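Student: mind looking at a prediction? Sequence and model below.
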Amino acid sequence: MTTGLTRRGVFGVAAAAGAAALLPGGTAKAAAPMRNELPPAWHRFKWGEFEATVISDGSLPLGKPQDSFVGPGANQITGLLAGEFLDPEAATLEQNILVLNTGRQLLLFDTGMGESMGADSQMFGPTTGRMLANLRAAGIQPEQIDMVVATHAHCDHVWGLVDARGQRVFPNAQVAINEADVRFWTDDANKRGPAFMNAFIEGAKKNLNAYRDRFVMVRNEQEVVPGVTAIFTPGHTVGHTCYAITSRGRTMVNTGDLAHHQVLLLRHPMMEFSFDTDPKQSAQTRSRMLDRLATDRHAVLSYHFPWPGLGHVRKAGEGFDWVASPMNVTNLG
């Protein structure tokens, strides 16, 4: 016997059931209040002998994508975003901060926007600056951090080093960073060009200078600590650095801001980003490094890709695809 139910009929039954629940004499009462708050955002997994935890600093809205992504392929932005069910009128990035427990040291890769620069700390809106709350929710206290490893000295990566009073947020931590970035972003002579440069430099000075006596200058292709190797990837900033994390023969690369968008800058790696110090160099570095990641099939943790930023890069035509795969690397067993 057939029921004769069609797709439209199924939806009709569901709608009728919902309406019945609201009729007098039904069991439904007043609706539960809206929570209007986000749950703690952290994601933990094993990587070889290491334990990794991704902490969210919140979303970072850029506004109209054509204002940030320019150059080769920019005329395809609307179609690319719409084709991936993304808003073609607004680009929103995530901020995925890695905490790595090597068994000897506890490392924090970047710090998010923080609150050190007052109103400027919310230049991208009120959804950023959640790193500390989520860090504590994951069971990690700031005083436990042995080293902050910075990919570069932009606001959304180092402005969480100090608090609004200029006090160190991580009182026991060293700061590992490329020396070229320290010099560039603490030099008032570089307050030129785009309007954001003044705030970026003032913020870097306030946050980095508080740790001047605790700097560890990273070197290309050399270990920062055992199992963590710096990879010089200049362009986005003069000293932008990725970090390869290797344990038990498995490598995951923390790519920082190598690519800000999982569609636009992978499909068109030579597209440029308006916050790059050297857009041409950044595009060349990105294309070369993405090819290396795809060829070597290393896992990737991307700072700005969709939460929690874990996955792989694979070649696709003239560009690359992002394959999100948090479950493939998640294993607490």
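Tutor: It's in.

Student: tell me the helix or strand right after the one helix or strand E51 maps to.
Tutor: Under the assignment given by DSSP states H and E, the secondary-structure element containing E51 is strand 50-56. Moving toward the C-terminus from strand 50-56, the next helix or strand (DSSP H and E) is strand 60-63.

Student: buried set for that next one?
Tutor: When burial is assessed from 16 or more other Cβ atoms under 10 Å, strand 60-63 yields the following buried residues: L60, L62. (Each C-beta comes from the backbone N, C-alpha and C, glycine too.)

Student: now stretch 210-220
Tutor: Across stretch 210-220, burial judged by 16+ other Cβ under 10 Å covers A210, Y211, V218.

Student: how about stretch 237-252?
Tutor: Within stretch 237-252, the residues scored as buried using 16+ other Cβ under 10 Å are 237-247, 251-252.

Student: now that stretch: average pLDDT?
Tutor: Across stretch 237-252, the average pLDDT comes to 97.

Student: now stretch 188-195
Tutor: So the average pLDDT for stretch 188-195 ends up being 94.

Student: how long is that stretch end to end?
Tutor: Terminal residues of stretch 188-195 lie 14 Å apart, using Cα to Cα, to the nearest Å.

Student: starting at the chain centroid, how far to it?
Tutor: Taking Cα atoms, centre = their mean, to the nearest Å, one finds the center of stretch 188-195 at 25 Å from the center of the full chain.

Student: just to revisit the earlier point, the strand holding E51 packs against which elements?
Tutor: When contacts are defined as 3 or more Cβ pairs under 8 Å, 6 or more residues apart in numbering; DSSP states H and E, strand 50-56 sits against strand 42-47, strand 96-101, helix 131-137, strand 241-247.

Student: out of these, deepest packed?
Tutor: Per residue and on average, the most neighbours among the helices and strands packed on strand 50-56 fall to strand 96-101, with a mean of 24 (mean count of other Cβ atoms under 10 Å).

Student: quick check: angle from it to strand 241-247?
Tutor: Using axes from the mean of the first three to the mean of the last three Cα atoms, to 10 degrees, the direction of strand 96-101 lies 40 degrees away from that of strand 241-247.

Student: can you tell me the strand partners of the helix or strand just after strand 96-101 and which way each runs?
Tutor: On the C-terminal side of strand 96-101, the nearest following helix or strand under DSSP H and E is strand 106-109. Partners of strand 106-109 in the sheet, by DSSP bridges, are strand 96-101 (antiparallel), strand 147-149 (parallel).

Student: dump these to JSON lines, plus distance to K315 and mean pLDDT.
Tutor: As requested, the strands paired with strand 106-109 are exported to JSON lines (distance: least, Cβ to Cβ, whole Å; pLDDT from 0 to 100):
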{"stretch": "strand 96-101", "distance to K315": "23", "mean pLDDT": "98"}
{"stretch": "strand 147-149", "distance to K315": "29", "mean pLDDT": "98"}
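
Student: between those strands, which gets nearest to R314?
Tutor: When the strands paired with strand 106-109 are compared by Cβ to Cβ, strand 96-101 sits nearest R314, at 19.8 Å.

Student: could you tell me the angle between the closest one and strand 50-56?
Tutor: Computed by the same axes, to 10 degrees, the angle separating strand 96-101 from strand 50-56 equals 150 degrees.

Student: and strand 96-101, how far from the chain's centre?
Tutor: Averaging C-alpha coordinates over strand 96-101 and over its chain gives two centres that are 11 Å apart (Cα atoms, centre = their mean).
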